[in-house]
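Novice: can you look at this prediction? I've put the sequence above it.
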Amino acid sequence: MHLFTDHPAEAGESYAQHMRYAGSVGIQMIVAGIACTIHGLLPFLFKSNGSNAIAELHSLMMKKRNSTYVKQLEIAENSVQTPDGSEEKRQIPLANLDRAA
């Protein structure tokens, strides 16, 4: 089951959320690809659809990636040695990360 859940979890999503998002991006890419193919045959059609789709998808993906990264930083794990020599994980809020280093 890890094959289906590890990557979505890394992206801060459930399997269903990731499938919906990735599927949406894929369909947009297919539609843009069709527009580009038609533009290749008929250059007066779909002059900027392909480049606009690439720019929009890139912006969407970067916003999502940055949002996920910030969420991951909001609670960072910090390893601490306990008196018995074992390692303990402590959560540090984002506001305290500069003090934790």
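Specialist: Looks like it came in fine. Residues are numbered from 1 along each chain as shown.

Novice: does the residue nearest the centre of the chain count as helix, strand or coil?
Specialist: Centroid-nearest residue in the chain: Arg65, 3.7 Å away (criterion: CA atoms, centre = their mean). Classification of Arg65 by DSSP: H, G, I helix; E, B strand; the rest coil places it in helix.

Novice: gap between it and Ala16?
Specialist: 20 Å (CB to CB, to the nearest Å). C-beta: built from backbone N, CA, C; applies to glycine.

Novice: you'd agree Phe46 is in a helix?
Specialist: No. Going by three-state DSSP, the assignment for Phe46 is coil, not a helix.

Novice: mind listing what Gln17 touches?
Specialist: Residues in contact with Gln17 (CB atoms under 8 Å, 6 or more residues apart in numbering) are Pro8.

Novice: pull out the buried residues from the helix or strand in which it is found.
Specialist: Element membership of Gln17 [criterion: DSSP states H and E] is helix 15-41. Within helix 15-41, the residues that qualify as buried are His18, Tyr21, Ala32, Ala35, His39, counting by 16 or more other CB atoms under 10 Å.

Novice: closest to Thr82 out of these?
Specialist: His18 (36.1 Å; CB to CB).

Novice: any idea which element the closest residue to the closest one other than its chain neighbours lies in?
Specialist: Nearest-residue entry for His18: Pro8, 3.6 Å, with adjacent residues in sequence omitted and distances by CB to CB, 6 or more residues apart in numbering. Under the criterion of DSSP H and E, Pro8 resides in helix 2-10.
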